[in-house]
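Q: Any chance you could fold what I've pasted below:
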Amino acid sequence: MTAPTTEGRHDAGMPTAAMTSPGLRAEVEDHYISYALTMDDKRPNDWVALFLGTGLYAVGTHNNVSTTGMWWYTDRGPGALKERAAYTNGYLRHNPTRTLHTITNVRARETEDGRIKAEAYVVLYVTDRVELSRFHVCGRYDDLLARTDDGLRFVEHRVVLDAETLPGNMGVLL
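A: I've put the predicted structure just below:
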């Protein structure tokens, strides 16, 4: 199993918002909207389908990723992704919360092999059992996407959190 690399961190190769073509930005934003709704509608099994069969999901903090290349966790392939979805399903049953993923500042470029390198900012709010909504975590997505007959799919979905420690509740998908 190959660990995710630090490729995709803010680098000179990523276009600014003004340099991303409107058509490509719209395509990637539509993908991110579907992705957010899948998580917010509590459909973690459908979440797995948004990855290629060899897809990678990794979460880490900015400091760890940028200085050591270390990720808090990585899940690669359908077995690991299904395990992550099962964990989330169990968590949602025992600690019912609502989530609101806000994804913005989408930037993207097509790579030479026809894939799409994309970045976006993400903010996650969680509403608990007593209806108290609060900020949960924020960061950015560093992604590699592929076009399929069913739309865009994650080749690699890396979540880089702006915190130095993960929030106490990591039962939610990011």
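Q: Where does the prediction get shaky in the chain?
A: Residue ranges of the chain with pLDDT under 70: 1-18, 90-96, 164-166, 168-169.
Q: quick one: secondary structure of the most far-flung residue of the chain relative to its centre?
A: Computed with Cα atoms, centre = their mean, the residue of the chain farthest from its C-alpha average is residue 130, at 27.2 Å. Under DSSP: H, G, I helix; E, B strand; the rest coil, residue 130 falls in the coil class.
Q: and if you look at residue 70?
A: Under three-state DSSP, residue 70 falls in the coil class.
Q: What sits closest to it if chain neighbours are left out?
A: Nearest-residue entry for residue 70: residue 64, 4.6 Å, with adjacent residues in sequence omitted and distances by Cβ to Cβ, 6 or more residues apart in numbering. Placement of C-beta: from N, CA and C, glycine included.
Q: returning to what we had before: how much space separates the residue farthest from the centre of the chain from residue 70?
A: 36 Å (Cβ to Cβ, to the nearest Å).
Q: returning to what we had before: for the host helix or strand of the residue nearest to residue 70, which positions count as buried?
A: If you go by DSSP states H and E, residue 64 is part of helix 62-67. Within helix 62-67, the residues that count as buried by 16 or more other Cβ atoms under 10 Å are 62, 64, 65.
Q: now the helices: where do they sit in the chain?
A: Secondary structure of the chain, counting by DSSP state H: helices at 22-40, 44-48, 62-67, 77-94.
Q: Show me what the first one is packed up against.
A: This points to helix 22-40. helix 44-48, strand 98-110, strand 116-127, strand 133-148, strand 151-161 (3 or more Cβ pairs under 8 Å, 6 or more residues apart in numbering; DSSP states H and E).
Q: who does the third one touch, helix- and strand-wise?
A: Counting contacts by 3+ Cβ pairs under 8 Å, 6+ apart, strand 116-127 is packed against helix 22-40, strand 98-110, strand 133-148.
Q: So which bits of the last one are buried?
A: Read it as strand 133-148. 136, 137, 139, 140, 141, 142, 143, 144, 145, 146.
Q: Looking at these, which two lie furthest apart in space?
A: Using Cβ to Cβ, the pair of the buried residues of strand 133-148 lying farthest apart is 136 and 146, separated by 29.0 Å.
Q: tally of neighbours for the nearest residue to residue 46 once chain neighbours are set aside?
A: Leaving aside its chain neighbours, residue 46 sits nearest to residue 38 (5.0 Å; criterion: Cβ to Cβ, 6+ apart). Residue 38 sits with 19 neighbouring residues when counted by other Cβ atoms under 10 Å.
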